[in-house]
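>>> turn this into a model:
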Amino acid sequence: MAVCVAVISKENYPLYIQTIPTEDDLKFHYTVHTSLDVVEEKINNVGKTTNDLRELYLGLLYPTEDYKVYGYVTNTKIKFVVVVESSNTALRDNEIRTMFRKLHNAYTDMVCNPFYTPGDRITSRVFEKVVNGMMLQDS
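Numbering: from 1, shown residues only. Coordinates of the predicted model:
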């Protein structure tokens, strides 16, 4: 499944980043940060080329040698970025969409909490449990 899940605010600062425990955590932060340019480009092109502006799934943002980076943007311009291993060929596009739907639903439930201030870092245990369920299990 996923090796990194990130939630990015509309001002492009991270609200939440969860990675698998490795010695290369900074690499995932860099990957998520560099994917924001591709996300912005796709958001700007969607308005010009397609007639369905409700499509939130951005698809494959870019592949690297080891990972594939996928993107999703909400109506409020909150961006979700999921990084999966390139070697995982069993993961199909509809499974990635399902992951993003679960993440979006968990984010929506978390934002509906009256004690959460929009724009703050995400500290919800329920949200973290959903993300951990999507992460790659190395046991």
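>>> can you list the weak-confidence ranges in the protein?
Applying pLDDT under 70 to the chain flags residues 46-54, 136-139.
>>> let me see the ranges of the strands in this protein.
Applying DSSP state E to the chain gives strands spanning 2-8, 14-19, 57-63, 67-73, 79-85.
>>> mind giving me the packing neighbours of the shortest one?
Contact here means 3 or more CB pairs under 8 Å, 6 or more residues apart in numbering; DSSP states H and E; on that basis strand 14-19 packs against strand 2-8, helix 25-49, helix 125-134. Using the backbone N, CA and C atoms, a C-beta is placed for each residue, glycine as well.
>>> and what of the fourth one?
Under the contact criterion of 3+ CB pairs under 8 Å, 6+ apart, strand 67-73 touches helix 25-49, strand 57-63, strand 79-85, helix 93-111.
>>> how about 10 Å then?
When contacts are defined as 3 or more CB pairs under 10 Å, 6 or more residues apart in numbering; DSSP states H and E, strand 67-73 sits against strand 2-8, helix 25-49, strand 57-63, strand 79-85, helix 93-111.
>>> with just CA atoms, put it into PDB.
Taking Å, rounded to 0.1, in the frame of the first residue of the first chain, the C-alpha atoms of strand 67-73 are listed here in PDB:
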ATOM      1  CA  TYR A  67       8.000   5.400  -6.000                       C
ATOM      2  CA  LYS A  68       4.900   6.600  -7.700                       C
ATOM      3  CA  VAL A  69       3.200   9.800  -6.500                       C
ATOM      4  CA  TYR A  70      -0.500  10.300  -6.700                       C
ATOM      5  CA  GLY A  71      -2.600  13.400  -6.000                       C
ATOM      6  CA  TYR A  72      -6.100  14.400  -5.000                       C
ATOM      7  CA  VAL A  73      -7.500  17.900  -4.300                       C
END
